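>>> sharing a model prediction with you, sequence too.
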Amino acid sequence: MNDKMRIFLLIIPFVFLSACASKDILIKTEIKEVKVPIKCPLKLPLKPLDKKDLESAKEISKYYLEVED
């Protein structure tokens, strides 16, 4: 083969492969707000002991009402 034919055969694969090359990749940056939990400076009252009587049940119910609000 002559030199022109070799050069031609070397160039053809580059032409075909460059047609299949990917185009420019677009990079999209999206900023999202992230909520981070923080520790509250909340002081909880002490939980009353359950003495298995009506008065302690009332104290415990008052405790849960106060804590849940």
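Structure received.
>>> backbone phi and psi for Phe14, please?
Torsion angles at Phe14 (phi, psi; degrees, to the nearest 10) stand at phi -70, psi -40.
>>> which residue ranges of this protein form helices?
Residue ranges of the helices in the chain, as given by DSSP state H, are 3-19, 54-68.
>>> the shortest one: how far from the chain's middle?
Spelled out, that is helix 54-68. Relative to its parent chain, helix 54-68 has a centroid offset of 39 Å by Cα atoms, centre = their mean, to the nearest Å.
>>> how about stretch 40-52?
35 Å.
>>> how close does Lys32 get to Leu26?
Noted for Lys32: a distance of 19 Å to Leu26, by Cβ to Cβ, to the nearest Å. Yep, even glycine has a C-beta here, placed from its N, CA and C like the rest.
>>> now find how far off-centre the lowest-mean-pLDDT helix or strand in the chain is within its chain.
One helix or strand of the chain scores below all others by mean pLDDT, DSSP states H and E: helix 3-19, with a mean of 80. Relative to its parent chain, helix 3-19 has a centroid offset of 48 Å by Cα atoms, centre = their mean.
>>> that one - contacts with which helices or strands?
Judged by 3 or more Cβ pairs under 8 Å, 6 or more residues apart in numbering; DSSP states H and E, helix 3-19 has no packing partners among the helices and strands.
>>> excluding chain neighbours, give the residue nearest to Asn67 in space.
Small correction: residue 67 is Val, not Asn. Leu44 (6.2 Å; Cβ to Cβ, 6 or more residues apart in numbering).
>>> Leu49 too?
Nearest to Leu49 is Ser56, by Cβ to Cβ, 6+ apart, at 6.6 Å.
>>> just checking, Lys47 touches Glu66?
No. Using Cβ atoms under 8 Å, Lys47 is not in contact with Glu66; the gap is 10.6 Å.
>>> and the residue nearest to the spatial centre of the chain, what's its pLDDT?
By Cα atoms, centre = their mean, the chain has its centre lying nearest to Val34, at 8.5 Å. Note for Val34: predicted pLDDT of 94.
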